[in-house]
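**Student:** for reference, the sequence and a predicted model appear below.
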Amino acid sequence: MLAAAAKMAAVGITSPDGNLVLQVELDQFGAPYYTLDYKGKPLVEKSALGLKSDETSFIDGFRIVSTDTTTVDRTWQPVWGEYSEVRDHFKEMAVNLADKDDNRALTIRFRVFDDGLGFRYELPVQNGPNYLTVKDELTEFNFDGDHKLYCIPGDYDTDEYLWSETTFGALPEALAGYGKHTEAQRVEGTTIQTPMLLKTADGVYVNVHEAALDGYPAMLLDVDTKDYVMKSHLVPDRLGVSAYIELPFATPWRTLIVSDDARDILASQLVLNLNEPCKIEDTSWIKPMKFMGVWWEMFTGYEKTWAYSDDHLAKPGITDYTKLTPNGRHPANTENVKRYIDFAAAHGIDGVLVEGWNEGWEDWASYRKNRQFLFDKAYPDFDVAALRDYAKEKGVKLIMHHETSANAADYERQLDRAFQFMKDNNYDAVKTGYVGAIIPRSEHHTSQWMVDHARHVIERAADYQIMIDSHEAPRPTGLCRTYPNWLAQESARGGEFESMGGNPPSHTCILPFTRLKGGPMDYTPGLFETRMSYYGEGKDSQAGTTLARQLALYLTMPSPMQMACDLPENYERFPDAFRFIEEVPVDWADSKYLEAEPNRYITVARRDKHSDDWYVGAITDENARTAVIDLSFLPEGATYEATIYEDAPDADWKENPQAYRIRTVKVKPGQKLKQPLAPGGGAAIKIASRK
Ligand code: NOJ
Ligand code: CA
C-alpha cells in the first residue's frame, strides 16, 4: 500500500526521442505540478496545475489514483496546408487524480512530442456539482531565467499590435509603450497574449499557446517579471466569469513548442496535431484560392468609403436606402467590381472580394447601432444578379463580405438568411469581421461566448458549403484542422496597417513564430505601391517593405486564402513582378524551413501540391542580409531553372522600395544559392524542373 502510494507520488514520460522529460508530482497539500526538462536541463521548473470554479476547486487535496500511458505514431492528410501529410507522434500520460473521498476527480492528459508538450484538464462527471462556473485556471509556465520574450500586450478584444522583443525584466517598460485601442480592453499590469515566443540564454526557443480552443475562453498569460513565471489568465466576461461548463468537459490543450533550432518552431505541426480530425465528410468543395478585393481603395484613398451615402450624418434615423443621396465615392459599385473581375480573369486570380456592397455602413461605427448591417440587402449601385452572371461568365468567384461591426448576436439571427443569399448568388466564401465592442455587451472578442459564436458560424457555414476568412475573431488554435472550411483568419496586425502607421519589416519575421502557429493568416500581401504618399497628401508614410519582399510573403506567410491586395492599376505598372503572384500556389505538398531567427529573417522552400515546382521565399528585417539557400531539397535526376524575383542592388525599403530585378538561372540539387536581400527586403524564387 505504502509502496504503491510512494510510487504514485511522481510520474513521468519522455518525448519519443527522449529529449523532453515531463514529470508530474503532488506537493505536500496534494496539489499537482509539473516540470519539463529539455536535453538534460530544466526548462520549465515546478509549475502549478489546476482549475477553480465557484462550485468546486480542482487545486489540491488530491492523490494520484492511476496513470494511463500510451505511445501513438500516426499520420494524417490535411485538406490544405504546408504539408500533404503530417506525422502525429507522441507519448501520452493521463494522470488520474481524486480526493480522498472520491468526490472530486480530475484527469490531466499530457502528450509529449519530439517538438513539445500539450496538456489539458479533463473533468469527468463528479459525485459533486456537474455545472461549473470557472473563474480561474492555475496553470503555470515557470521559466527559470530572464529569458527573451516576443509578445503583444494582454487584451480581451484585439491582437492587432506590433510585437515587442523584450525580456521578463524589461516587460513592464515594453508594455507601457503601447497605446490603447478604442473599444478594446487592455489588461492592466504585465499580462501578455498567446501565442508568444521565448528564447532562453541557452538558445532554446519555446512557443506558448493553446490548441483546440472550443467551449472555453482564450488564455492570456500573467507574467511575474521577477520570478519568470507565466500564469494562465482566462478571459472573463464582464461579470467576471470565464467559463460556464457542463461535465464531462475537456479544456483546450496548453501547448509548448520547444526546440534549440528556430526552424523547428516554424515547421512544428504540434498545435494542429492536438486538434480533432476533420469533421466535414465531403471536403471537395473546400478550395484554396487567391483573390483580389475592392478593398485597398478604401484604406489608401481616404476619400473612398464603404458607405454609399453620407446622409446618415444629418439623418441618423434613415431606413429607406433608395432615398439616400449617393456620395459618389463608393467603390463597391457594379462597374468598378466588373473592372476587378476583368483583371482577375485576365490574370488567373480565383476570386474578388467586395467590401461595402450592403446596407448598413452609414451607421456602422455608431455605438447605438440604430441600424444593423443587412447581409441580403445590396446598395442601389451594386447589382447582385448582374455581377453574379458576369463573374460566372468570366470564371471568377465573387467573395462575400460580412462586417458585423461586432454585433455577433444580430449576425447569428441573420446567419441562415445571409448564407442562403450567398448560395443563391454563387458565393462560396465570406470574409467576416467584428470591428468594435461586442454585442452582447457583456462579452469580449475572446470570451467564451465569442469562442462559441465562432464555432457556431464555422459549423453553419460548413452546412452551406461556405468557406470563411474571419477578421477580429478569437485567435486561431488549429481548429482549421477540424473545420478546414476555416481557410484563414486575421487575428493579428495585418498588412492593412501599412496605411495606418506601418508595419516594420521585422513584423513579418515574428508572426510565423507566433500568430501563425494557430493557423493561416489573411495578412493581405502583394503591396506593389509601397509609398502611401502615392495616394494623396498627408499620407507620407512608407510601408515597411520592398516590392520583392511582398512576393516572398506568399511563401513566408502561407495561407490557403491569399490576397493580392493592391489595386489593378498598380499591378499593371509592374506586370513582370505580378507574374509571380499569378503563378505562386497556395497549397503545398512539402515545406523546408532553411534559415530562421525570430524577428530577424526567414527562408523557406515549398513544393507545389499540384506539380513538381518548388518555390522559395526569403525575408529579412530592416538590415540587409545574404540568404544562403541550400538546394539539397531538389531531387537529383533533373535540371532546374530558377526564376528569381529579387531586390535590385540599390533597393532599400525606405529609400528605394520598388527597385527589383528578375533573372533566370540554372540551378543544381545541393547547390548553395547566395541570395542578397535589401534592408527590409526579400526574394521570391520559382524553381521548375526541366527533365
Ligand atoms: C477590419 C478588417 O480587418 C478590414 O480588412 C476590413 O476591411 C474592415 N474591418 C471593414 O470591414
Ligand atoms: Ca482587423
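**Tutor:** Yep, that arrived. Numbers count the residues shown, from 1 in each chain. Ligands and ions are numbered 1, 2, ... in the order given.
**Student:** got the phi/psi numbers for Ile391?
**Tutor:** I think there's a mix-up here, since residue 391 is Ala and not Ile. Main-chain dihedrals, Ala391, degrees, to the nearest 10: phi -60, psi -40.
**Student:** and it, how far from Thr524?
**Tutor:** Applying C-beta to C-beta, to the nearest Å, the value for Ala391 to Thr524 is 21 Å. Backbone N, C-alpha and C define where each C-beta goes, glycine included.
**Student:** state the mean pLDDT of stretch 509-526.
**Tutor:** Model confidence over stretch 509-526 averages 98 on the pLDDT scale.
**Student:** first-to-last residue distance for it?
**Tutor:** Taking C-alpha to C-alpha, to the nearest Å as the measure, stretch 509-526 stretches 16 Å from start to finish.
**Student:** stretch 434-452 and ligand 1 in contact?
**Tutor:** Yes. Looking at stretch 434-452 against ligand 1 by C-beta under 6 Å from any ligand atom, the contacts come from Val435.
**Student:** which residues touch that stretch?
**Tutor:** Residues from elsewhere that reach stretch 434-452 (C-beta atoms under 8 Å, 6 or more residues apart in numbering): 156-158, 183-185, 213-218, 235-239, 242-244, 364-365, 367, 369, 403-410, 470-475.
**Student:** select only the buried ones of these in ChimeraX?
**Tutor:** In ChimeraX, this line selects whichever of the contacts of stretch 434-452 come out buried by 16 or more other C-beta atoms under 10 Å:
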select :156,157,158,184,185,213,214,215,216,217,218,235,236,237,242,243,364,369,403,404,405,406,407,408,409,410,470,471,472,473,474,475
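**Student:** from the contacts of stretch 434-452, which ones fall inside strands?
**Tutor:** Counting by DSSP state E, these place 243-244, 403, 470 in strands.
**Student:** so, low pLDDT: which residues of the stretch 351-500 of the chain?
**Tutor:** Scanning the stretch 351-500 of the chain for pLDDT under 70 picks out 365-371.
**Student:** if we go to 80?
**Tutor:** 363-372 (pLDDT under 80).
**Student:** again, but for the chain
**Tutor:** Short version for the chain, where the test is pLDDT under 80: 1-9, 180-183, 301-302, 312-322, 363-372, 536-540, 691.
**Student:** try 70 this time
**Tutor:** Looking at the chain by pLDDT under 70, you get 1-8, 313-319, 365-371, 537-539.
**Student:** now the residue of the stretch 251-400 of the chain found nearest ligand 1: closest residue in space that isn't a chain neighbour?
**Tutor:** The minimum distance from the stretch 251-400 of the chain to ligand 1, using C-beta to the nearest ligand atom, falls at Glu355 (5.2 Å). What sits nearest to Glu355 in space, not counting adjacent residues and going by C-beta to C-beta, 6 or more residues apart in numbering, is His401, at 4.6 Å.
**Student:** quick one on the thing from earlier: among the contacts of stretch 434-452, which are within reach of ligand 1?
**Tutor:** Restricting the contacts of stretch 434-452 to contacts with ligand 1 (C-beta under 6 Å from any ligand atom) yields 403, 471.
**Student:** helices - which of the contacts of stretch 434-452 land there?
**Tutor:** Among those, the ones falling in helices (DSSP state H) are 408-410.
**Student:** which of those sits closest to Met500?
**Tutor:** Ala408 (24.2 Å; C-beta to C-beta).
**Student:** residue contacts, the closest one?
**Tutor:** Applying C-beta under 8 Å, 6+ apart, the residues contacting Ala408 are 434, 438-440, 443, 449-450, 453.
**Student:** what's the closest of these to ligand 1?
**Tutor:** Taking these together and measuring to ligand 1 by C-beta to the nearest ligand atom, the closest member is Tyr434, at 8.6 Å.
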